[in-house]
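K.L.:
here's my sequence, what's the structure:
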Amino acid sequence: MGGSKRAGGSTSGCRENDMISAASPVGAGHTAAASGATTASFAGGDFQTFLKMLTTQIKNQDPLNPMEGSDFAVQLATFSGVEQQVRTNDLLAAMAGKSSGGLATVADWIGKEVRTTDPVAFDGAAVTLTLEPEPDADQVILVTRNANGAEVSREDVGLGTGDVDWIGRSSSGAVLPSGRYSFSLESLRDGSPIGSSRVGAYARVTGAEITANGVQLSLAGGASTMERDVTALRSAGG
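P.N.:
You can find the predicted model right below:
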């Protein structure tokens, strides 16, 4: 194979706080309907407790001086705001815990190599690729693209599957300049394409950080990939 050599592998409907109308008193019928609702977290207690407190307050109010509808609406809005804040705090706490767990998971990856289909750096040393062509193919073409997405190499790599060492040669055989490259595999049969897939390449992990999209791994040569896009892990150097 022109620019790569085998490195191994085989060859073959309503919100809870909407149940009560702010314009009408709450009677027994409303209480019964509310008792069947799903219990939700509410400022350290639950929403059912809030309904009971509110019902008791209305039952015991002065019938000659009932609560104004506007006051009732304000009270409901206040309790609803507190509930939403508590839920927001719980969500933020859960997200923080998940993020911490993510960093803890990848801490041991520093210094090792991960396989990703994102662009990886080439600096003259061989890059290990994992080839998985369509099983019915009778010809397989490895396509290499630079950081700008321009095709720089196209070579027939045979029908084998597994890991190969890509040594960074252009279609003319010249050594490609240092930079980031991505790879894809075109499978053909009788000269017609039957499949195309992105090729995973190994790169050394140099760091990790939490981003809005998840845990991002920094790779050698300035490349990067998301933790969720990693498909394999191995010791550096294979």
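
K.L.:
list the buried ones in stretch 165-176?
P.N.:
Asp165, Trp166, Ile167, Gly168, Arg169, Ser170, Leu176 (16 or more other C-beta atoms under 10 Å). Any C-beta I mention is one placed from the backbone N, CA and C, and that applies to glycine too.

K.L.:
actually stretch 154-161, not the one I wrote
P.N.:
Under 16+ other C-beta under 10 Å, the buried positions of stretch 154-161 are Glu155, Val157, Gly158, Leu159, Thr161.

K.L.:
export these as CSV, with columns for pLDDT.
P.N.:
Listed next are the buried residues of stretch 154-161 as CSV, based on pLDDT from 0 to 100:
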residue, pLDDT
Glu155, 94
Val157, 93
Gly158, 91
Leu159, 90
Thr161, 91
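
K.L.:
can you list which of these are found in strands?
P.N.:
Judged by DSSP state E, the buried residues of stretch 154-161 include Glu155 as members of strands.

K.L.:
widest-spaced pair of the buried residues of stretch 154-161?
P.N.:
Spanning the widest gap among the buried residues of stretch 154-161 are Glu155 and Thr161, at 16.4 Å by C-beta to C-beta.

K.L.:
circling back to that earlier point, nearest to Thr225 among the buried residues of stretch 165-176?
P.N.:
Closest approach to Thr225 among the buried residues of stretch 165-176 (C-beta to C-beta): Trp166, at 17.3 Å.

K.L.:
which parts of the protein are helices?
P.N.:
Ranges of helices within the chain are 28-35, 47-59, 69-106, based on DSSP state H.

K.L.:
avg pLDDT for the first one?
P.N.:
Translated: helix 28-35. Average pLDDT, helix 28-35: 40.

K.L.:
go on, stretch 197-209?
P.N.:
96.

K.L.:
can you pull the buried residues of that stretch?
P.N.:
Neighbour-count burial for stretch 197-209 [16+ other C-beta under 10 Å]: Val199, Gly200, Ala201, Tyr202, Ala203, Arg204, Val205, Ala208.

K.L.:
ok, now which ones touch the closest residue to the third one other than its chain neighbours?
P.N.:
This points to Ala201. Closest residue to Ala201 in three dimensions, ignoring its sequence neighbours and counting by C-beta to C-beta, 6 or more residues apart in numbering: Val120, at 4.6 Å. Applying C-beta atoms under 8 Å, 6 or more residues apart in numbering to Val120 gives the contacts Val127, Arg180, Tyr181, Ser182, Ala201, Tyr202, Ala203, Leu219, Gly221, Ala223.

K.L.:
swap in Ser218?
P.N.:
Ser218 neighbours (C-beta under 8 Å, 6+ apart): Val205, Thr206, Gly207, Ala208, Glu209, Ser224.

K.L.:
rebuild those residues as CSV, extending it with distance to Asp190.
P.N.:
Output for those, formatted as CSV (distance: C-beta to C-beta, whole Å):
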residue, distance to Asp190
Val205, 42
Thr206, 45
Gly207, 47
Ala208, 46
Glu209, 48
Ser224, 40
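
K.L.:
out of these, which comes closest to Arg234?
P.N.:
The shortest approach to Arg234 among the contacts of Ser218 belongs to Val205, at 10.9 Å (C-beta to C-beta).

K.L.:
the closest one against Val114, yeah?
P.N.:
Yes: the pair Val205 and Val114 passes the contact test of C-beta atoms under 8 Å, sitting 5.7 Å apart.
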